[in-house]
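Visitor: I would like to see how this sequence folds:
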Amino acid sequence: MYFKSTRAVVSCSRFQLKQLLTKTKIMKNLIMTLAVALCTTFAASAQFMVVTTVNTPDSDLNEEWGTTNFTDNMGIGYVYNDKCIVGLVKAGEEYDLWGRYLWNANLYVSVQAPTEEMMDNLTVGLGYSYDVWKGLHVEPNYSMGLKEDENGERAGSFNLGLSYKF
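Guide: Sure thing, here's the model as predicted:
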């Protein structure tokens, strides 16, 4: 059996062709098995965290409490190690990147930034996480932007958040 290549003509028997295809199948199976094993190990040891910031209704607009007060700023994070958490959080129509560094078991430093013009809209904060019940946490925090607005002010905000680790 002959194979025509752009560089040379390669000759191999049916036995050699069968042996080559068998080795290729073995390598594909080995690579797939390793990939599945790594992904399973990674996912099995991972912890995920769902976070949200509770928005109070605006009394000037006669708004009432509803589910949107809890779901407008909802996000998910991956617990990278014992101290770091990274994730995405919904901010209006866009998604922001966010991260936390756990200072100790309850106190954390947070960072949040949009995916566009990241350094211009970066906010940092400090918060306290209080475990209420089996992984459900109430998290009061204070955050402020790093850059001043056009009036030369950096207004911060006090927020109440909820998180759940699973």
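
Visitor: what's the separation between residue 88 and residue 98?
Guide: Using C-beta to C-beta, to the nearest Å, residue 88 is found at 7 Å from residue 98. The way it works is simple: take the backbone N, C-alpha and C, and place the C-beta from them, glycine included.

Visitor: same drill for those two, tell me which one is more crowded.
Guide: Between residue 88 and residue 98, residue 98 has the larger neighbour count (other C-beta atoms under 10 Å), namely 21 against 15.

Visitor: might one say that the more buried one is in contact with residue 114?
Guide: No - the pair residue 98 / residue 114 is not scored as a contact, 10.3 Å apart, by C-beta atoms under 8 Å.

Visitor: list the contacts of the closest residue to residue 106 other than its chain neighbours.
Guide: Distances taken as C-beta to C-beta, 6 or more residues apart in numbering place residue 129 nearest to residue 106, at 5.2 Å, with adjacent residues excluded. By C-beta atoms under 8 Å, 6 or more residues apart in numbering, the contact set of residue 129 is 106-108, 137-139, 163.

Visitor: spit out the residues that contact residue 88 and residue 98 alike.
Guide: 75, 77.

Visitor: state the distance from the spatially most central residue of the chain to residue 133.
Guide: Central residue of the chain (C-alpha atoms, centre = their mean): residue 87, 2.5 Å from the mean position. Distance of residue 87 to residue 133, given as C-beta to C-beta: 22 Å.

Visitor: cool, thanks, signing off.
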